[in-house]
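[1] Here's a sequence, model it:
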Amino acid sequence: MKHSITRKITTIMISIVAGTVLLCWFINTTLLEDYYISHKKDVLIETFQTVDKAYAEGNGDTESFEIELEKQCANSNITLMVISSNGTIIQSNVSNKDMLLEQFLDIMFSAQSQNAVVVENTKDYLIEKTADTRLKSDYLVLCGTMQDGNQILLRTALESIKESVGIANRFLAYVGIVAVILCAIILYFVTRRITNPILQLAEISRRMTNLDFDAKFQSRGENEIDFLGEHMNQMSETLEKTISELKSANNQLKIDIEKKEQVDEMRKEFISNVSHELKTPIALIQGYAEGLQECINDDAESREFYCEVIMDEAEKMNRMVKNLLTLNQLESGNEQVVFERFDITELIQGVINATAILREQNGISLTLDAGKPMYVWADEFKTEQVLTNYISNAIHYASGEKKIHITVKQENDIVRVGVFNTGNPIPESDIEHIWEKFYKVDKARTREYGGNGIGLSIVKAIMDSFHRECGVINYENGVEFWFELDGKNS
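    Reported below is the predicted structural model:
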């Protein structure tokens, strides 16, 4: 990643370490020597004051003082010489006293050397930075007059500081390179440890944008990133739950809209079908009533015929309205269903007897395949309606051999009743629609016997209220309508 946090943090920290090393190197190069000279100057002044005080108090030639002075000069690399007013060397810690005396006299009584730089000049002492052309070395020299009138010369070499600065700078460079490399390695692993959880959170958030809520942050609860991960997990669960609820609500809304559209469509279709079904009988009633009113035929036989047509069409309208009311109550759930135990064979026999005259008029034979009483649990009145509709349809549509065969079979706890009639099978394209209101397979024949396409809709609504199945089976020589009832003994 070009702009990753790991790369940025590593670059920043390496820059800080490298900058710190370079700053130290610059300070060493420019200021360390001056600081060292200043320190050496303070040491020379301190030594001068110590010697001056000792000689003023008369302790300059004591053994303890000489030991302490020798120790101080050795530690600070100081060359010392004390000279009396007559030029006699009183005290010195060097073997080549003449050379040091010559240098002392040159500083004290000659003009300032060409290679000398005055560092500090007071009434008691003069401090110069001078160069030894013979040895090609720099020295810091203090020449002073003590309280007892004696002269003192103190000298310390400065060449070592330059070498020390060079060594320190080289060592600092090596240390700096190693520090930068180690810093880079350590920072890489440290920042990876920090950024890995962040990258994990970034991946989780990316998956969340794609509505994938399975990824969870493995939190150890140790730092702020772990707390952020826990909150991301909680947010993921909340979003998943919310989106699930929204999808459920949206799905339910779609279902409600579809239901509303279906209800609107059914309402329009219902109005259209009712209008169509009522249009013909109303027109007939109106036409024959107008004929009676205008006395088109004065004979009694014609008037009786007109009255019979009016009464017949009114009866059809009345029957359709009753069926519609029954169907409406069943579909709306307002019709009360009373379950009771009764003999289905006996009920079938009663319906057969009630339709005997109609079968005889149409020359139809009927057989019942049920040799013994068979008890079921259902609403007896509504079951009779189902049977009546099935048998009436069979009578009206029976053709060919004109036979109706009713079967009653029990399998486990289910009793299945089938009503078969010979005739033409129902076209496959019409089978799925025959349970719809006002749907007619053979419209001319339905009109002939006064049907209106509601009977099978009532059957379907009744069986739905029983929570049982019904259906139709096509055979080569006819059609069988069936329904099932609960045949448990208790």
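[2] tell me the mean pLDDT for the host helix or strand of E245?
    Using DSSP states H and E, E245 sits within helix 224-293. Averaging pLDDT along helix 224-293 gives 75.
[3] And for stretch 187-200?
    Rounded mean pLDDT across stretch 187-200 is 75.
[4] How much space separates T122 from H39?
    18 Å (Cβ to Cβ, to the nearest Å). No exception for glycine: its C-beta is placed from N, CA and C like everyone else's.
[5] the more surrounded of those two?
    H39 (12 against 9; other Cβ atoms under 10 Å).
[6] For the helix or strand hosting the more buried one, list every residue counted as buried.
    Following DSSP H and E, the helix or strand that holds H39 is helix 33-56. By neighbour count on 16 or more other Cβ atoms under 10 Å, the buried set for helix 33-56 is 36-37, 40-41, 43-45, 47-48, 51-52, 54-55.
[7] Which residue ranges make up the domains of the protein?
    Domain assignment for the chain by automatic domain parsing gives 5-166, 337-486.
[8] what separates the shortest one from the chain centre, distance-wise?
    I take that to be domain 337-486. 57 Å (Cα atoms, centre = their mean, to the nearest Å).
[9] same question, the first one
    Centroid separation between domain 5-166 and its chain, computed with Cα atoms, centre = their mean, is 75 Å.
[10] Could you do stretch 195-202 as well?
    From the chain centre to the centre of stretch 195-202 is a distance of 15 Å (Cα atoms, centre = their mean).
[11] go on, stretch 244-256?
    For stretch 244-256, the distance to the chain centre is 20 Å (Cα atoms, centre = their mean).
[12] The stretch 51-200 of the chain: helices as residue ranges?
    Using DSSP state H, counting those that start in this stretch, the helices found in the stretch 51-200 of the chain span residues 63-76, 97-109, 159-209.
[13] Remind me what the last one packs against, helices and strands.
    Other helices and strands packing on helix 159-209, by 3 or more Cβ pairs under 8 Å, 6 or more residues apart in numbering; DSSP states H and E, are helix 5-27, helix 33-56, strand 137-145, helix 224-293.
[14] Out of the ones you listed, the one nearest M208 is which?
    helix 224-293 (5.9 Å; Cβ to Cβ).
[15] Quick check: which of the helices and strands packed on helix 159-209 is buried the most?
    Mean neighbour count (mean count of other Cβ atoms under 10 Å) peaks for strand 137-145 among those, with a mean of 20.
[16] Which strands or helices does that strand pack on?
    Judged by 3+ Cβ pairs under 8 Å, 6+ apart, strand 137-145 is in contact with helix 33-56, helix 97-109, strand 125-132, strand 151-157, helix 159-209.
[17] again, only this time at 10 Å
    Counting contacts by 3 or more Cβ pairs under 10 Å, 6 or more residues apart in numbering; DSSP states H and E, strand 137-145 is packed against helix 33-56, strand 78-83, helix 97-109, strand 117-121, strand 125-132, strand 151-157, helix 159-209.
[18] Can you tell me which of the ones you listed has the worst average pLDDT?
    Of all the helices and strands packed on strand 137-145, helix 97-109 carries the lowest average pLDDT, namely a mean of 64.
[19] Quick check: phi and psi at Y375.
    phi -100, psi 140 (degrees, to the nearest 10).
[20] bridging residues for it?
    D343 (DSSP bridges).
[21] Indicate which one of the helices and strands packed on helix 159-209 is closest to E380.
    When the helices and strands packed on helix 159-209 are compared (using Cβ to Cβ), the closest one is helix 224-293, at 29.4 Å.
[22] Report the angle between that closest one and helix 159-209.
    Relative orientation of helix 224-293 versus helix 159-209 (axes from the mean of the first three to the mean of the last three Cα atoms, to 10 degrees): 20 degrees.
[23] distance between helix 224-293 and the chain's centre?
    Taking Cα atoms, centre = their mean, one finds helix 224-293 lying 32 Å from the centre of the chain it belongs to.
[24] Show me what it is packed against.
    Short answer (3+ Cβ pairs under 10 Å, 6+ apart): helix 224-293 packs on helix 159-209, helix 300-332.
[25] between those helices, which gets nearest to I364?
    Proximity to I364, assessed across those by Cβ to Cβ, is greatest for helix 300-332 (21.5 Å).
[26] Rounded mean pLDDT for the closest one, please.
    Here the average pLDDT along helix 300-332 is 70.
[27] Now the residue in the chain sticking out farthest from the centre: phi and psi?
    Distance from the C-alpha centroid of the chain peaks at N86, with 100.8 Å (Cα atoms, centre = their mean). Dihedral angles of N86 (phi, psi; degrees, to the nearest 10) stand at phi -100, psi 10.
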